[in-house]
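Chemist: predicted coordinates and the sequence they were generated for:
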Amino acid sequence: MVFRFSLQRVLDFRLQLEDQAKNELARAIKALEDHRQLMARLAGMQRTSFAEMVARQREGVWADEFRDMIDFLRSVDRRLKEGAIEEVGLRQEVERRRERYFAVRQEREIMDALRRRHLAAWQIELRRLEGKELDEAAILRHRRKNEILATE
């Protein structure tokens, strides 16, 4: 006798949803990390460019060149501000994905617990049936033994 969980397809589907949610969470975390790395590179570029501008200013720089450096620093600063806003959205997306993953995982764990309970009940029933068969076999042996003794 083989155990068959009647809701196995539902459990399999829950496992599939959990894997999907886990992958979506991983992608959201990766996107956030990539964004943070990009913003760190931009901030480094901003510091380097600012230091270069200060050094060039000490040496004496043409007005057009100085204006270009200021425009570049402003564009980097604007991009950093936009990036900070994007990061908030990415963090919110990670949190949404994390909540979905935990919800889906909880649903799968509930189904898994139900499967374990069904398996335990099946094992108890199997042991009961085996015990019943053993009892019947013992009764038959006892009857045969008594019949043999009665005929002697």
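Modeler: That came through, no problem.
Chemist: which residue is nearest the middle of this structure?
Modeler: Residue closest to the average C-alpha location in the chain (Cα atoms, centre = their mean): Lys22, at 2.8 Å.
Chemist: that one and Arg108: what is the separation?
Modeler: With distances taken as Cβ to Cβ, to the nearest Å, Lys22 is found 11 Å from Arg108. For every residue, glycine as well, the C-beta is placed using N, CA and C.
Chemist: check which residues of stretch 15-24 are buried.
Modeler: Leu17, Glu18, Ala21, Glu24 (16 or more other Cβ atoms under 10 Å).
Chemist: so for the helix or strand harbouring Leu73, mean pLDDT?
Modeler: Secondary structure assignment for Leu73, by DSSP states H and E: helix 63-151. Summarised as a single mean, pLDDT over helix 63-151 is 93.
Chemist: let me see the contact set for Tyr111.
Modeler: Residue 111: Met, not Tyr. By Cβ atoms under 8 Å, 6 or more residues apart in numbering, Met111 lies in contact with Leu7, Val10, Leu11, Arg14.
Chemist: can you rerun that using 6 Å?
Modeler: Taking Cβ atoms under 6 Å, 6 or more residues apart in numbering, we find Met111 in contact with Leu11, Arg14.
Chemist: renumber starting at 105 from here on
Modeler: Taking 105 as the first residue, the last one we looked at is Met215.
Chemist: from the buried residues of stretch 119-128, which is closest to Ala167?
Modeler: Minimum distance to Ala167 across these is 51.9 Å, recorded for Glu128 (Cβ to Cβ).
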